[in-house]
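**Student:** fold the stuff below for me.
(one chain, ligands or ions: 7)
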Amino acid sequence: MLQFTKYIKKKIMAANISDTDVIIDTEGITVPECAHGPALMFVRYSGSDAGRRFFACSAFRDRKDCSFFQWCDEKVSQEKLEMKKVINKSMQPKYSHRQYRERFQLVLKGIHKNERQLCRTCGLFLLPDEEKEHEDHDILNKINKAMLKLPSQLFTPLDNNKTYAQYLFSKKTVAFVLDQLKSLNKTHVICLGAPRIHEAIMNEETGTLKSYLLDLDFRYMQVYGPENFSRYNMFNHHFFDGERSVKFLTKFLTGCSHDQVAMVFDPPFGGMVEALSVSIRKISELWKSVTKAPTDLTLSILWFFPYFMEKRIIDSFKDFQMLDYKVDYDNHTLFRGDVKKHGSPVRIFTNIHPQKIKLSADEGYRFCAVCKRYSAKENIHCDVCDSCPTKYGATYRHCFKCDRCNKPSKEHCEVCRTCQLKGHSCDKPSQGCHICGALDHKRRECPEKGSQKASKRKRKWVENRSKKKMKC
Ligand SMILES: C[S@@+](CC[C@H](N)C(=O)[O-])C[C@H]1O[C@@H](n2cnc3c(N)ncnc32)[C@H](O)[C@@H]1O
Ligand SMILES: [Zn+2]
Ligand SMILES: [Zn+2]
Ligand SMILES: [Zn+2]
Ligand SMILES: [Zn+2]
Ligand SMILES: [Zn+2]
Ligand SMILES: [Zn+2]
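**Tutor:** Numbers count the residues shown, from 1 in each chain. Ligands and ions are numbered 1, 2, ... in the order given. The predicted structure is shown next:
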């Protein structure tokens, strides 16, 4: 299982540090749309088409799930454009938000609880005469009103990592998040890709919190009206109901003070951080303009992501910090093996001061007076680094050659000039810049970018490593 978890980690990192980059700046370019709104523009750096730009689906990372693909320099025929329109339409949900709501009201008020049915295969609450169309499907019967208040438990989790990656928080994590929001005096929460937090807030009896859900999952259009839910794509900031949704979200935020709002954000881990960052900034701008927040303030965000993506988040959001709290999921079986040993690898990244987010002593967290934050019990303060440096697993050990703390399973390698796992291969850099090989930046920030000497330099660098390795 440990090996399997490593495999998943590699895949998540590969989605973000691959030979393909997303190009955010598309000003002056006509961006085509797939069924999930405007496509993203990418460039690949290797293979026969290296350097050629293309458009692909922003939401789904497998062509099997959304086949949209178009070269940026391609002339698309009218016939193909028409065909794409037909495909996009066929991939939309069966009903509009209004129609889903009307159907749901009929189910709620017109059908006795013993007769109420949900087709879990289609994610659709059924009207009386529709049963036949779903004959071979997975049908849930006898749905009472209490069950309808917990849609995230009724719907089958869409846990394909390349599409919805629907991993749902455990009860404990939901309670933790709600407690934190309350103690931070938040009243309005934007749940971006966090249906379970939304559901818990909607069911809260005290009513101190209000929530607005933004999610790609069309099934929630049945349960929540537009005043609480909009179908939204977090990779291209696309509201499927356009301005109408923006108006509802604006209305939700209207009247509350800027510091009463927070956003809880749990995206698919394989998604591109750069694209997510753009959407976060746009939502933040909306919050700023509606609540008239001072320009130097930012929307309070709790972003759930694996610890090994820390650098990528901090690169985009300098004021974010990673908390030690280990986020627990109900259906994240992929992480189970390691979770038993070390706890979950998923953390919270936030721009809220970590001191304000109290972690329970009962679960082993303690307050580090030097760092002014709560740290996990294994995360012992290092006086040399002047921080609590352990990210995951056993307590990190200080390496004076690297001048930082590293995993205890690693030891310093004179060839790589960093701490590496025993038995690693010195000539295969697992991370770092594809152009010059340095570990402290990505291809995008490489000073050698665009230089003709770059590949020569990389070749030389690899050669040197191999020579050193032989000497070693
Ligand atoms: C990792 S799950 C998070 C669920 C959360 N842990 C909870 O329990 O509420 C990812 C969520 O993002 C949603 N999602 C996936 N792709 C999306 C996209 N492109 N835009 C918006 N939401 C998306 C999924 O439907 C799912 O609810
Ligand atoms: Zn698509
Ligand atoms: Zn069905
Ligand atoms: Zn510390
Ligand atoms: Zn240290
Ligand atoms: Zn070292
Ligand atoms: Zn090495």
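
**Student:** only C-alpha atoms for contact and neighbour calcs from this point on.
**Tutor:** Will do.

**Student:** close to ligand 1: what parts of the chain are there?
**Tutor:** 59, 163-169, 193-197, 215-217, 232-235, 266-268 (C-alpha under 6 Å from any ligand atom).

**Student:** repeat that with 8 Å
**Tutor:** 36, 58-60, 152, 158, 163-170, 174, 191-198, 214-217, 231-236, 265-269, 329 (C-alpha under 8 Å from any ligand atom).

**Student:** from those residues, keep the buried residues only.
**Tutor:** 36, 58-60, 152, 163-170, 174, 191-198, 214-217, 231-236, 265-269, 329 (16 or more other C-alpha atoms under 10 Å).

**Student:** in strands, which of the residues of the chain next to ligand 1 appear?
**Tutor:** Cys191, Leu192, Leu214, Asp215, Arg231, Tyr232, Asn233, Phe265 (DSSP state E).

**Student:** which residues touch the first one?
**Tutor:** Counting by C-alpha atoms under 8 Å, 6 or more residues apart in numbering, Cys191 touches Ile197, His198, Ser211, Tyr212, Leu213, Leu214, Met263, Val264, Phe265.

**Student:** what residue ranges in this structure score low on pLDDT?
**Tutor:** In the predicted model of the chain, residues 1-18, 332-340, 428-445, 447-472 satisfy pLDDT under 70.

**Student:** in the stretch 251-400 of the chain, which spans are strands?
**Tutor:** 261-265, 300-306, 321-322, 346-350, 366-368, 373-375, 397-399 (DSSP state E, counting those that start in this stretch).

**Student:** how about those strands in a markdown table, adding distance to Ser284?
**Tutor:** Formatted as a markdown table, those follow (distance: least, C-alpha to C-alpha, whole Å):
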| stretch | distance to Ser284 |
| --- | --- |
| strand 261-265 | 9 |
| strand 300-306 | 9 |
| strand 321-322 | 18 |
| strand 346-350 | 14 |
| strand 366-368 | 30 |
| strand 373-375 | 25 |
| strand 397-399 | 38 |
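
**Student:** out of those, which comes closest to ligand 6?
**Tutor:** strand 397-399 (4.7 Å; C-alpha to the ion).

**Student:** residues in contact with that closest one?
**Tutor:** Cys382, Val384, Arg404, Cys405, Asn406, Lys407, Pro408, His412, Cys419.

**Student:** kindly recompute the last result at 7 Å.
**Tutor:** Applying C-alpha atoms under 7 Å, 6 or more residues apart in numbering, the contact partners of strand 397-399 are Arg404, Cys405, Asn406, Lys407, Pro408.

**Student:** so the last one makes contact with Lys391?
**Tutor:** No: using C-alpha atoms under 7 Å as the test, Pro408 is too far from Lys391 to be in contact (11.6 Å).

**Student:** neighbour count winner among these two?
**Tutor:** Lys391 (21 against 16; other C-alpha atoms under 10 Å).

**Student:** which residues touch Gln180?
**Tutor:** Ile357.

**Student:** let's see it at 8 Å
**Tutor:** Per C-alpha under 8 Å, 6+ apart, neighbours of Gln180: Ile357, Lys358.

**Student:** and for the one 3 residues further on?
**Tutor:** Residues in contact with Ser183 (C-alpha under 8 Å, 6+ apart): none are found.

**Student:** cool, and the one 3 residues further on?
**Tutor:** Contacts for Lys186 were tallied using C-alpha under 8 Å, 6+ apart; they are Leu209, Asp259, Gln260, Val261, Ala262.

**Student:** how many residues are close by Lys401?
**Tutor:** The burial count for Lys401: 12, using other C-alpha under 10 Å.

**Student:** got the contacts of Lys186 as CSV, with neighbour count columns?
**Tutor:** Shown next, in CSV, are these (neighbours: other C-alpha atoms under 10 Å):
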residue, neighbour count
Leu209, 22
Asp259, 17
Gln260, 19
Val261, 24
Ala262, 25
